[in-house]
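J.: model this:
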Amino acid sequence: MPNHPPLRILFAASEAHPLIKTGGLADVAGSLPRALTGLKQQVRLVLPAYGSLLARIDKPREVAAFTVGDHAVRILATVLPGSRVTTWLVDCPALFDRPGNPYLGPDGQPWPDNALRFFRFAEAVVRIASDTAGLNWQPDIVHSHDWQTGLVSALLSRLPARPATVFTIHNLAYQGLFPWQTFEALGLPGEWWSHHALEFHGQLSFIKGGLVFADRLTTVSPTYAREIQTSEYGYGLDGLLRHRAAVLSGILNGIDVQEWNPGTDPRLAQNYNRRTLGKKAANKAALQEQLGLERRDDVLLLGMVSRLVEQKGVDILLEALDALLLRPVQLAILGSGEARFEQALQAARARQPGRIGLHIGYDETLAHRIEAGADLFLMPSRFEPCGLNQMYSMRYGTPPLVRPVGGLADTVIDATDENLAAGTATGFHCPGERGPDLLATVERALSLWHQPPAWRRLQEAGMARDFSWRHSAGEYLALYRQIA
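T.: Got it, this is the predicted structure:
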């Protein structure tokens, strides 16, 4: 094994767990820098200094101050909680000190100046990356994520001596699109108003800044890397992604195996592991009680923790629901999203008291309890760049039922007769996008559940999988070394 000197890596993101989180990007931005630090790399994480984020940390130190455009910026230094990762916060109160969600105003709509906010953030990142921020530190690699940091790679491309750049797509459906007037107001180079650069069907596309200008592109699973090169999943960018296919790769996200460990999880009614799987039943009983379900161990308890939106296949579940409830099953659902789906699930619970447990909103403790207490975990997503819950489920001995798309296809091995015989099966693939497809797959799961030795082998195979960040971090490090 060659003895490489450590790389200096600047990780630029708009959110990172546990400081600020709206989705899976935060999990990656909070976990991957930690894993890379564990591999002896020199990592710095840079985030916007949102007001809610500053409220969560003690006495950050000011380490630099400069202006970007007409905005004064301070760089505040802290450490990512639970890690040794130095974290720099771009403090510009006029842009980032706002209540609530980092991207949405109190009315639930995007902040009208989001383009300016994340352009200025990108400019600040470039100052750090070019060692003109006064920090006396320059990275070998700048790794940016999703549309909010898309302009980082574009701006760096104009510098004669610059670090190598990597851009990761977490969800291509969100592209950061703004009108031509915004392009003009930001003062971006005129030659970038081209379909070869940032223009996309008459709009400014932030995500194209990363897709066009970064040295390497990654996304969060191998299958999703292939899917986004097709018209079905490419959102109009599939041609560009096919053009850049030689520098596009899919690296599966990992999970936090300390946070998600049924053997030590403090949120559970009863801890258990592969050798003590029988103790899992106590979590089912506790979950039934918590959600007002009938206390029965002779029904298959289906769990779901999800945004209640069409992407996640909630409508597929609703189409199948009445027929499903003719079978010996119960449902435990946690999530929030579109009002029509929330209302439909609430109406179903009212029709079937004791059969459907529903919590509208988000509750981290309940999420862990559903993973541990359910018998089968539902993820009938129409598309899923990576997905994390299917990995949590396998770790908790709760086989997932998934649509075989994106990261779900890469992580869940279908319980076919062949895979069951080989001992490799870990869950169930639902082949179609309709209620009857879901119903047929649940019936297949029910049939296996009634064969306890076979079901136990399915659980144990899932629990044996290694979804830690260690492997994924190694893949990223190999990629960085190719271009540093």
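J.: any idea how far Ala374 is from Ala421?
T.: For Ala374, the distance to Ala421 (C-beta to C-beta, to the nearest Å) stands at 26 Å. Bear in mind the C-beta positions are built from the backbone N, C-alpha and C, glycine included.
J.: for those two, indicate the residue with more neighbours.
T.: When Ala374 and Ala421 are compared on other C-beta atoms under 10 Å, the one with more neighbours turns out to be Ala374, at 28 against 9.
J.: can you pull the contacts of the more buried one?
T.: Shown in contact with Ala374 (C-beta atoms under 8 Å, 6 or more residues apart in numbering): 284, 287, 301-303, 332, 393, 398.
J.: from Thr276, how far off is it?
T.: From Ala374 to Thr276 the distance is 18 Å (C-beta to C-beta).
J.: same check, this time on Gly236
T.: 51 Å.
J.: now Phe206
T.: With distances taken as C-beta to C-beta, Phe206 is found 49 Å from Thr276.
J.: among those two, which residue is more densely surrounded?
T.: Neighbour count, other C-beta under 10 Å: between Phe206 and Thr276, Phe206 has more, with 26 against 12.
J.: for the more buried one, give me its contacts.
T.: Phe206 touches 115, 118, 147-148, 150-151, 175-178, 198, counting by C-beta under 8 Å, 6+ apart.
J.: so what's the residue count around the residue nearest to Arg395 when sequence neighbours are not counted?
T.: In space, not counting the residues next to it along the chain, Arg395 is nearest to Trp260; the distance is 5.6 Å by C-beta to C-beta, 6 or more residues apart in numbering. Under the neighbour criterion other C-beta under 10 Å, Trp260 is assigned a count of 20.
J.: Leu321 too?
T.: 20.
J.: so it lies in a helix, does it not?
T.: Yes: under DSSP: H, G, I helix; E, B strand; the rest coil, Leu321 falls within a helix.
J.: need the pLDDT of it.
T.: Looking at Leu321, its pLDDT stands at 97.
J.: so the closest residue to it other than its chain neighbours is in which element?
T.: Closest residue to Leu321 apart from its sequence neighbours, by C-beta to C-beta, 6+ apart: Ala348 at 5.7 Å. Using DSSP states H and E, Ala348 falls within helix 339-351.
J.: quick one, the next helix or strand after that helix and helix 339-351 angle?
T.: Toward the C-terminus, helix 339-351 is succeeded by strand 356-360 as the next helix or strand (DSSP H and E). Counting by axes from the mean of the first three to the mean of the last three C-alpha atoms, to 10 degrees, strand 356-360 lies at 140 degrees to helix 339-351.
J.: where along the stretch 351-484 of the chain do the strands fall?
T.: Taking DSSP state E, counting those that start in this stretch, the strands of the stretch 351-484 of the chain run over residues 356-360, 376-379, 400-402, 428-429.
J.: can you add mean neighbour count and distance to Asp297 and give these back as JSON lines?
T.: Formatted as JSON lines, the strands of the stretch 351-484 of the chain follow (neighbours: other C-beta atoms under 10 Å; distance: least, C-beta to C-beta, whole Å):
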{"stretch": "strand 356-360", "mean neighbour count": "19", "distance to Asp297": "16"}
{"stretch": "strand 376-379", "mean neighbour count": "26", "distance to Asp297": "14"}
{"stretch": "strand 400-402", "mean neighbour count": "27", "distance to Asp297": "20"}
{"stretch": "strand 428-429", "mean neighbour count": "22", "distance to Asp297": "21"}
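J.: any chance of those strands in JSON lines, plus mean pLDDT?
T.: Below are these laid out as JSON lines (pLDDT from 0 to 100):
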{"stretch": "strand 356-360", "mean pLDDT": "96"}
{"stretch": "strand 376-379", "mean pLDDT": "98"}
{"stretch": "strand 400-402", "mean pLDDT": "98"}
{"stretch": "strand 428-429", "mean pLDDT": "98"}
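J.: can you lay out those as TSV showing distance to Arg98?
T.: Shown next, in TSV, are the strands of the stretch 351-484 of the chain (distance: least, C-beta to C-beta, whole Å):
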stretch	distance to Arg98
strand 356-360	25
strand 376-379	33
strand 400-402	37
strand 428-429	43
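J.: nearest to Arg481, out of those?
T.: strand 400-402 (33.3 Å; C-beta to C-beta).
J.: tell me the contacts of Val247?
T.: Per C-beta under 8 Å, 6+ apart, neighbours of Val247: 215-217.
J.: looking at those residues, state which has the most neighbours.
T.: Most crowded among the contacts of Val247, counting by other C-beta under 10 Å, is Leu217 at 25 neighbours.
J.: so that one is in which element?
T.: Using DSSP H and E, Leu217 falls within strand 216-219.
J.: now that strand, how far from the centre of its chain.
T.: Computed by C-alpha atoms, centre = their mean, to the nearest Å, the separation of strand 216-219 from the middle of its chain amounts to 15 Å.
J.: look at His368 and say how many residues are nearby.
T.: 21.
J.: quick one: the closest residue to it other than its chain neighbours from Arg56, how far?
T.: Spatial nearest neighbour of His368, excluding adjacent residues (C-beta to C-beta, 6+ apart): Arg267 at 4.2 Å. Taking C-beta to C-beta as the measure, Arg267 falls 21 Å from Arg56.
J.: what helices and strands are in contact with the helix holding Ala348?
T.: strand 300-308, helix 314-324, strand 356-360 (3 or more C-beta pairs under 8 Å, 6 or more residues apart in numbering; DSSP states H and E).
J.: what score does the nearest residue to Ala367 once chain neighbours are set aside have for pLDDT?
T.: Nearest in space to Ala367, with sequence neighbours left out and distances taken as C-beta to C-beta, 6+ apart, is Val305 at 4.9 Å. Per-residue pLDDT puts Val305 at 96.
J.: thought Val305 was touching Gly373?
T.: No: using C-beta atoms under 8 Å, Val305 is not in contact with Gly373; the gap is 11.5 Å.
J.: and those two? Which one has more around it.
T.: Using other C-beta under 10 Å, the more surrounded residue of Val305 and Gly373 is Gly373, with 30 against 26.
J.: how close does that one get to Asp363?
T.: Separation of Gly373 from Asp363 (C-beta to C-beta): 13 Å.
J.: also Gln311?
T.: 21 Å.
J.: next: Tyr272.
T.: Distance, Tyr272 to Asp363, using C-beta to C-beta: 21 Å.
J.: more neighbours: those two, which one.
T.: Between Tyr272 and Asp363, counting by other C-beta under 10 Å, Tyr272 is the more crowded of the two (21 against 12).
J.: which helix or strand contains that one?
T.: Applying DSSP H and E, one finds Tyr272 in no helix or strand.
J.: surely it touches Ala281?
T.: No: the criterion here is C-beta under 8 Å, and Tyr272 misses it with Ala281 at 9.1 Å.
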